[in-house]
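# With the sequence up front, the predicted model follows.
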Amino acid sequence: MEKKKKRLYMRTAILAVLAGLVMYTLYTNLTKESRGNLEAGDEAPDFVLKDVNGQTHQLSEYEGKGVFLNFWGTWCEPCKKEMPHMEKLAKEYEGQVEILAVNVGESDFQVKNFANQYGLTFPLALDTGKEVMDTYGVDPLPTTFMIKPDGTIDQIVIGGLVQEEQVRALFERVKPSS
Amino acid sequence: MGKVKCECGHINPNGTILCESCGRALTEKAKQEKIVDMRYEGSARRSQTYNKTIIDRVWNFFSSVKVGIWIIVLLLVAASFGTILPQEFYIPSNVPAETYYEDVYGTFGKIYYTIGFHDLYNSVWFSALVAALGVSLVIASLDRVVPLYRALKNQRVDRHESFMKKQRLFAEQEGTLPLSELEKVKEALAKKRYNVRIENGALLAEKNRFTRWGPYVNHIGLIIFLLGALLRSVPGMYIDELLWIREGETLQIPGTNGEYYVKNNGFTLENYKEGEDPEVFDEAINRVGTVAKNYQTDAVLYRDKNNELPGAEPKLTEVQADSIQVNQPMKFDQFAVYQTSFRQDEMKAMHFALTHKETGKEFGEIVVDLFNQQASYELGKGYKVELLGYYPDFDGFTEAGEPTSKSPLPNNPAFLFNMITPQTPDGEVSFAQIRNTMEPLGETTFKMAFKSLDTRDVSALTIRKDLTLPILAAGGIIFMIGVIQGSYWNHRRLWIREKNGRIYTAGHTNKNWHGLKREIHEVLEGTAIPEPEDRQKE
């Protein structure tokens, strides 16, 4: 019957619209917490920061190389432990994987002092306003983003990297294949 | 399952109880009733007629008022559970929720947390219940308003006497009904603002039909309200952020995608003073000590012209300056910045004097900014202080003797100074804290004596944007219009007709029967038409 069919279509359409709205609401509510948080596979958001020597570093300039993007603080114990490994491997992988260590919200003096103490030669960028930290949703320190040569995130490591081998394994993963 | 053809010739939808046109009872049940149920005019609620496909079943489930009421009851009960213990959002942020509930509320708290009541209003099942209510509202309304509209639109003037006999207000008597008499009644009814139609010697007077749509208008309002609440979770519609900002700091405003910066030019806390302020405050001041009069942050709003990349040096242009007070936010675009909280006297800078330990003579004072230290401080005449280390939240020494800081916040600042003087050109090391100096590398001739402390206040601002408010307001207003429309008027009808030498009158209203009876009495008094009687004793 023509009319019955029409009614069925009508009901189906209305229910479909309602179901769509409900699904969308549930979806947005459930993903509210994690929305904006970066995951492995996402493109690493570009940023620009000055390091302690006044040089400007923009993430996109590192395209073609792997990047070890590390967020740290001078007060954080695990950060102190992983820095020597980073320093060693930065030299070993020079030209293939670059380290960019972003200090979060501390003074020029503190970072320079720390660099001297640990003999660090890789760039130490200053995120004074914590803008880059917010963009990357970093919490807690240290957090490391391994970025592949194509600019996507390979892995996010939360917490300190105590063993040199751990750091080496990360470097190997983002090394350009050539 | 086809159409139902009434004796009068009108074709009714399947499931109709009373013929839309003449009002004859179409079902056995309705035929036997003394007074018919007029709530939906005996129309066919569509949900009750088809139950074949899954779609129909789902539709019928949500169409049921019984189901709707159950959903409301479940929502009320569920929502009340969320109020027993504080929600996760309100517990201290430095303790994990897993342990907080058990530690503070014992076993009950643990169960409460395990079931998931600690974050009840964001849970899937609670959202699903609200969604079910929304669906129920839409379907139940549609399923009733369409047939009701049809029935009221198709109603005939000359209803069948069996329909009239089943009305609550009814009378019949022998007699004939001259048209002139009907015209007279019509005039009287028209004065009472009835719409009167006369056809085939029968009269139908009706007024305030619109009031029957009240509940549906009300539901539309509710649905709009729910849609508004739904939109809150859509990115960009609702922002609620907190910003702690120290006096003198300029920070990016969270939630504005880096477009705006705010500077804190100073925080003020004023208290009421006894004697100066109106007397009414005196009692409270005496009782509790201090009564706050004003919390205020003097803020300057900037727009960043260099906002393409995070971390890029901002190029700020001033937009506006405003004093933010409680309930008097600074407004820009669709944002409002509120005064929310404060912390007074955070350490900002420390003053030390290079002092000769024995003579007590001072050779100059240095000021160390706790947020921006210098590597060395020149005092002239060969006197100089080098900063070897800064520990903002000093926590003791490691096994290797290195001072450590447990956080980047200047809660317990400590410094390692190297003092260079003409007497000690190689320098002497002094470890200085507030009111305490140590000599970790051996005895020294000089020391860094703590002199004074500069402090400043920290203000907490809430940044809020809510684009759903106008939608919520519209929903609320429509809701109220529906309530008023359905409450303050009554849909009244009066039928009069003559058939086979008998005069029949019947009346119906959706509420306030007394009012209808009074009106009918005034109209029919002194006519040959019998006044309908209330057959339902109250």
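Perfect, I can see it now. Numbering: from 1, shown residues only, chains lettered A, B, ... in the order given.
# CA atoms for contacts and neighbours, from now on please.
Will do.
# Next secondary structure after the helix or strand hosting B:Phe479?
Take DSSP states H and E as the rule and B:Phe479 turns out to sit in helix B:469-487. Read in the C-terminal direction, the helix or strand following helix B:469-487 is strand B:492-499, with elements assigned using DSSP H and E.
# Check which strands are paired with that following strand and give the direction for each one.
Pairing partners of strand B:492-499, with direction, according to DSSP bridges: strand B:202-207 (antiparallel), strand B:502-509 (antiparallel).
# C-alpha coordinates for that strand, PDB please?
Listed in PDB are the C-alpha atoms of strand B:492-499, where the atom choice follows Å, rounded to 0.1, in the frame of the first residue of the first chain:
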ATOM      1  CA  ARG B 492     -14.500  24.600  24.600                       C
ATOM      2  CA  ARG B 493     -17.100  23.200  22.300                       C
ATOM      3  CA  LEU B 494     -20.900  23.100  22.300                       C
ATOM      4  CA  TRP B 495     -23.000  21.000  19.900                       C
ATOM      5  CA  ILE B 496     -26.700  21.500  19.300                       C
ATOM      6  CA  ARG B 497     -28.800  19.600  16.800                       C
ATOM      7  CA  GLU B 498     -32.300  18.400  16.100                       C
ATOM      8  CA  LYS B 499     -33.000  14.900  14.800                       C
END
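# coming back round to it: pipe the strands paired with strand B:492-499 into CSV and attach mean neighbour count, distance to A:Val52 and mean pLDDT per row.
Output for the strands paired with strand B:492-499, formatted as CSV (neighbours: other CA atoms under 10 Å in any protein chain shown; distance: least, CA to CA, whole Å; pLDDT from 0 to 100):
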stretch, mean neighbour count, distance to A:Val52, mean pLDDT
strand B:202-207, 22, 83, 93
strand B:502-509, 23, 84, 93
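# Domain map for chain A?
What the record gives for chain A is the domain set A:1-35, A:48-174, from automatic domain parsing.
# Reformat those as TSV; add distance to B:Gly106, mean neighbour count and mean pLDDT.
Below are the domains of chain A laid out as TSV (distance: least, CA to CA, whole Å; neighbours: other CA atoms under 10 Å in any protein chain shown; pLDDT from 0 to 100):
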stretch	distance to B:Gly106	mean neighbour count	mean pLDDT
domain A:1-35	28	14	80
domain A:48-174	29	19	83
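# does B:Pro422 sit in a helix, a strand or a coil?
Here B:Pro422 is coil, with the state taken from DSSP: H, G, I helix; E, B strand; the rest coil.
# What helix or strand is the nearest residue to B:Gln328 once chain neighbours are set aside located in?
Nearest non-adjacent residue to B:Gln328, counting by CA to CA, 6 or more residues apart in numbering or on different chains: B:Tyr338, 7.0 Å away. Using DSSP H and E, the secondary-structure element containing B:Tyr338 is strand B:335-356.
# which helices and strands does that strand pack with?
Applying 3 or more CA pairs under 8 Å, 6 or more residues apart in numbering or on different chains; DSSP states H and E, one finds that strand B:335-356 contacts strand B:292-304, strand B:316-325, strand B:330-332, strand B:362-369, strand B:446-466.
# Strand partners (parallel or antiparallel) of the first one?
Think strand B:292-304. Paired with strand B:292-304 in the same sheet, following DSSP bridges, are strand B:260-271 (antiparallel), strand B:316-325 (antiparallel).
# Please work out which of those is packed deepest.
Using mean count of other CA atoms under 10 Å in any protein chain shown, the stretch among the strands paired with strand B:292-304 with the largest mean neighbour count is strand B:260-271, at a mean of 19.
# Going by neighbour count, list what's buried in the lengthiest helix in chain B.
With DSSP state H setting the assignment, residue counts place helix B:124-154 as the longest helix in chain B. Applying a neighbour-count criterion of 16 or more other CA atoms under 10 Å in any protein chain shown, the buried positions in helix B:124-154 are B:126-127, B:129-145, B:147-148, B:151-152.
# Pick out the residue nearest the middle of chain A.
A:Phe145 (4.1 Å; CA atoms, centre = their mean).
# so what's it up against?
The neighbourhood of A:Phe145, defined by CA atoms under 8 Å, 6 or more residues apart in numbering or on different chains, consists of A:67-70, A:153-157.
# Am I right that it sits in a strand?
Yes. The secondary structure assignment for A:Phe145 places it in a strand, going by three-state DSSP.
# Quickly list what it is bridged to.
When assigned by DSSP bridges, A:Phe145 has beta-bridge partners A:Leu69, A:Ile156.
# Please report how far it lies from chain B.
Going from A:Phe145 to chain B by CA to the nearest CA, to the nearest Å gives 16 Å.
# quick one on the thing from earlier: export the domains of chain A to JSON lines and tack on distance to B:Glu276?
Putting these into JSON lines (distance: least, CA to CA, whole Å) gives the following:
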{"stretch": "domain A:1-35", "distance to B:Glu276": "50"}
{"stretch": "domain A:48-174", "distance to B:Glu276": "43"}
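# Who are the packing partners of the least confident helix or strand in chain B by mean pLDDT?
With mean pLDDT, DSSP states H and E as the measure, the helix or strand of chain B carrying the lowest mean pLDDT is strand B:436-438 (a mean of 77). Under the contact criterion of 3+ CA pairs under 8 Å, 6+ apart, strand B:436-438 touches strand B:428-433, strand B:446-466.
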